[in-house]
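S.K.: When you get a sec, could you give me coordinates for this:
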Amino acid sequence: MATAKKKSTVDQLPWSEDGRQMEHYARRSDEDTRWEPNEEFAATLRLVGTTRGRSAAYFRWVDDHSGRTYPMFMSSLAELLLSDVVVRGVASGRWVGVKRGENYGIAWVGPHYGLEIRAEAIASQFGLLSGGGR
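M.R.: The predicted structure follows:
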């Protein structure tokens with residue numbers, strides 16, 4: 001398993017009104033952008049697709065518990081896959097917001113013990129494990 005990453009140096013992250021962590025070029029003056037403290041959080045996230053921004057490609061993750069969605073840089077996904085915590089598109093652990101240039105995303109920080117079973121249950125719920133799901 002990969003070692004935990006150091007804490008992000010980004011103090012705040014931009015959020016849309018519908019609960020999406022915004023990917024890029026958010027300005028503090030934008031009225032439809034809500035800025036929240038960047039705090040490490042524990043969650044089980046499900047990969048739901050990809051998106052392309054102005055200068056970066058992202059993988060899109062959703063927390064089915066909170067309804068929030070998060071972008072992840074390709075390089076962060078590579079690190080996550082090497083950590084061996086992704087089960088059929090579902091990953092549990094501790095996460096933190098990161099910034100690269102003018103773009104925002106999340107990165108896996110390390111395991112959160114107790115969430116591993118939840119990742120497998122969510123994968124089963126969405127039919128991502130053989131014999132399970134809907």
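S.K.: The residue nearest to R52 when sequence neighbours are not counted: neighbouring residues, count only.
M.R.: Nearest non-adjacent residue to R52, counting by CB to CB, 6 or more residues apart in numbering: Y58, 7.4 Å away. Quick note: C-beta positions are derived from backbone N, CA and C, even for glycine. Other residues within reach of Y58, judged by other CB atoms under 10 Å, total 23.
S.K.: Please apply the same query to L13.
M.R.: 23.
S.K.: before we move on, which element is the residue nearest to it when sequence neighbours are not counted in?
M.R.: Closest residue to L13 apart from its sequence neighbours, by CB to CB, 6+ apart: G97 at 4.3 Å. Per DSSP states H and E: G97 is located in strand 90-100.
S.K.: Pairing partners for that strand, with directions?
M.R.: strand 41-52 (antiparallel), strand 86-87 (antiparallel), strand 103-110 (antiparallel) (DSSP bridges).
S.K.: Go through the ones you listed and pick out the most buried.
M.R.: A comparison of the strands paired with strand 90-100 by mean neighbour count, using mean count of other CB atoms under 10 Å, puts strand 103-110 on top with a mean of 22.
S.K.: how far out from the middle of the chain is that one?
M.R.: Here strand 103-110 is found 6 Å from its chain centre; the criterion is CA atoms, centre = their mean, to the nearest Å.
S.K.: pLDDT averaged over that strand - what is it?
M.R.: Rounded to a whole number, the mean pLDDT of strand 103-110 is 90.
S.K.: Using PDB, write out every CA atom in it.
M.R.: Below are the C-alpha coordinates for strand 103-110, written out as PDB (Å, rounded to 0.1, in the frame of the first residue of the first chain):
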ATOM      1  CA  ASN A 103      -7.100  24.000 -11.400                       C
ATOM      2  CA  TYR A 104      -8.600  22.200  -8.300                       C
ATOM      3  CA  GLY A 105      -9.100  18.600  -7.600                       C
ATOM      4  CA  ILE A 106      -8.800  16.000  -4.800                       C
ATOM      5  CA  ALA A 107      -6.100  13.500  -3.900                       C
ATOM      6  CA  TRP A 108      -6.100  10.400  -1.700                       C
ATOM      7  CA  VAL A 109      -4.200  11.000   1.500                       C
ATOM      8  CA  GLY A 110      -4.300   7.500   3.000                       C
END
